[in-house]
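Trainee: Output the structure for:
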Amino acid sequence: MTLKDSFCPSPWFHMRINNLGHYEYGRWADKTNRNAGPNIRDMLPIEYFQNYAGQVRQELLAGQRPAGCRECYEMEGHGKISGRQRQLLKAGVTDNHFEKTMLSSPWVNAWAASVATGNTDQTPQDWQIDLGGYCNSACVFCSPASSTRLAREWKKIGFIQDLPLASWADDPQQVQRLLESLLACPTLKYLHFIGGETLITPAFVQILKSLIEAGRTEAVIGFTTNLTVWDQEVIDLLSKFDGVNLGMSVEALTPVNDYVRWPARLPTITENLERWRQQAESRGWLLQLRTTPTVLTIHDLVSVYDYAWQHNISVESCNFFNEPAYMRPAVLPAQMREPIIDVMQSWIDQHPADSLDTVNVRDPNRARAYIRADLQSYVNYFTNEPDQSHRLQDLVLFIEKLELSRDNCILDYIPQYEQLFRSAGYGALARRCL
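Mentor: Numbers count the residues shown, from 1 in each chain. So this is what the prediction gives:
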């Protein structure tokens, strides 16, 4: 393994606080053990950043691939631009001139200083801040920790016995602790917030107001919305900052989006999508469509890329979906992938663009090249990923129980899957759509 294929500069300038207040060394780090380790309740963020991510830094400097970074390497294996590659670009390092740009990077001395212990005297400039599960949606692929609405439903159904623990961001004392840490950083370049739904999360507005009052508006603010709500107060606050990167979550611009992002309704989604697009154009904000392709939506994925192409907006999915495993696109058997691959490949062939010579996915001048390359990664994924159709029974059992609560039916949205789902036992529970 060469340093070029494994190194990531992210732990020298980025950190994450997850929903429960635990620290993570990377935005895309493995999420299988998210409820352990140092927490904002008992350790300041900067102390964690400087002293507790040392092992990962040493592994990266030694040319190793930390186990928690597997999702980025998986993305690269299918030709998808990974978080690692994006972070390399922030450090001034490029794939095509890796050694030269490593040595000329302004971060080279910081990397050298971490060789002995892994520790650093840097402070984080790039943050991902998870604000908890305030959410008005209950997406079928989501988890109770990220949606209060889904958590209540799962408890009622019996999927979980207890509601998730409250988020750290529900505690004003911990929010203040975070704000003090942000203000202690000499440079803030990027703050990305997720929920839940950020626009209805009280801590989001509080943090924005506090940063404005402190005169710390030099950062670019990133956040993600599910497109179900509109809040002019938040827009007015965001306009005070140096820039805004807005992620708009949508799985398909077809009715199946209503099923997957229940209880959203497509007319509301498209209306707010247009409102945000117009705001962004008038204010110079950067937009991205955020999608999480699953077995239930992969067939309509090109509808998102159609809109993105028309409006020159990039499309981003943080990784190839892995959990819950029965929602993975790879659950579709090989014979059902072929028509989807054909549709995707046809779309790519009909939308020529310059080759993607940079991994800067936020460059609007390269948006169409990135759109095309990103869809190609799903062609690669579907072509090469092993058949996981043995998980179909788990998928069918899950959605049937969920549909009893929601009084809906997946076959109303994707009737072409009927034979496949029936063969896995769909219809075993009493339901209205038999």
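
Trainee: Can you show me the helices along the stretch 151-300 of the chain?
Mentor: Here the stretch 151-300 of the chain has its helices, by DSSP state H, counting those that start in this stretch, at 172-184, 202-213, 232-238, 256-260, 266-283.

Trainee: Residue ranges in the protein under the pLDDT threshold?
Mentor: Flagging of the chain using pLDDT under 70 yields the residue ranges 1, 28, 30-34, 318-319, 355-364, 428-434.

Trainee: In it, what residue spans correspond to strands?
Mentor: For the chain, strands defined by DSSP state E occupy the ranges 14-17, 23-24, 126-130, 190-194, 220-225, 243-249, 286-290, 314-316.

Trainee: about what we covered before: got the helices of the stretch 151-300 of the chain as JSON lines, with mean neighbour count and distance to Gln55 columns?
Mentor: Quick note: C-beta positions are derived from backbone N, CA and C, even for glycine. As requested, these are arranged in JSON lines below (neighbours: other Cβ atoms under 10 Å; distance: least, Cβ to Cβ, whole Å):
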{"stretch": "helix 172-184", "mean neighbour count": "16", "distance to Gln55": "22"}
{"stretch": "helix 202-213", "mean neighbour count": "18", "distance to Gln55": "30"}
{"stretch": "helix 232-238", "mean neighbour count": "14", "distance to Gln55": "37"}
{"stretch": "helix 256-260", "mean neighbour count": "23", "distance to Gln55": "38"}
{"stretch": "helix 266-283", "mean neighbour count": "15", "distance to Gln55": "40"}
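
Trainee: Out of those, the one nearest Asn384 is which?
Mentor: Across the helices of the stretch 151-300 of the chain, the minimum distance to Asn384, taken as Cβ to Cβ, is reached by helix 256-260, at 24.6 Å.

Trainee: now the strands of the chain as CSV including mean neighbour count and distance to Ala353?
Mentor: As requested, the strands of the chain are arranged in CSV below (neighbours: other Cβ under 10 Å; distance: least, Cβ to Cβ, whole Å):
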stretch, mean neighbour count, distance to Ala353
strand 14-17, 24, 30
strand 23-24, 21, 35
strand 126-130, 23, 29
strand 190-194, 22, 27
strand 220-225, 22, 25
strand 243-249, 19, 22
strand 286-290, 21, 17
strand 314-316, 21, 12
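
Trainee: of all these, which lies closest to His299?
Mentor: Of all the strands of the chain, it is strand 314-316 that lies closest to His299, at 16.2 Å by Cβ to Cβ.

Trainee: Ile46 and Gln122 touch, don't they?
Mentor: No: shown here, Ile46 and Gln122 do not form a contact pair, counting by Cβ atoms under 8 Å, at 9.5 Å.

Trainee: who's in contact with the nearest residue to Met344 once chain neighbours are set aside?
Mentor: Closest residue to Met344 apart from its sequence neighbours, by Cβ to Cβ, 6 or more residues apart in numbering: Val379 at 5.0 Å. By Cβ atoms under 8 Å, 6 or more residues apart in numbering, Val379 lies in contact with 341, 344-345, 348.

Trainee: Show the buried residues in these.
Mentor: Of the members of these, the ones counted as buried by neighbours, 16 or more other Cβ atoms under 10 Å, are 344, 348.

Trainee: If we only consider the contacts of Val379, which is nearest to Thr94?
Mentor: Using Cβ to Cβ, Ile348 comes nearest to Thr94 of the contacts of Val379, at 24.8 Å.

Trainee: Next one: that closest one from Thr294, what distance?
Mentor: 21 Å (Cβ to Cβ, to the nearest Å).

Trainee: Next: Trp262.
Mentor: Going from Trp262 to Thr294 by Cβ to Cβ gives 13 Å.

Trainee: and for these two, which residues touch both?
Mentor: Val140.

Trainee: okay but Phe204 is in contact with Thr224, surely?
Mentor: No: Phe204 is not in contact with Thr224 according to Cβ under 8 Å; the separation is 10.9 Å.

Trainee: Residues in contact with both of these two, list them for me.
Mentor: With contacts defined as Cβ under 8 Å, 6+ apart, the residues shared by Phe204 and Thr224 are 193, 195, 198.

Trainee: What count of nearby residues applies to Lys189?
Mentor: 16 (other Cβ atoms under 10 Å).
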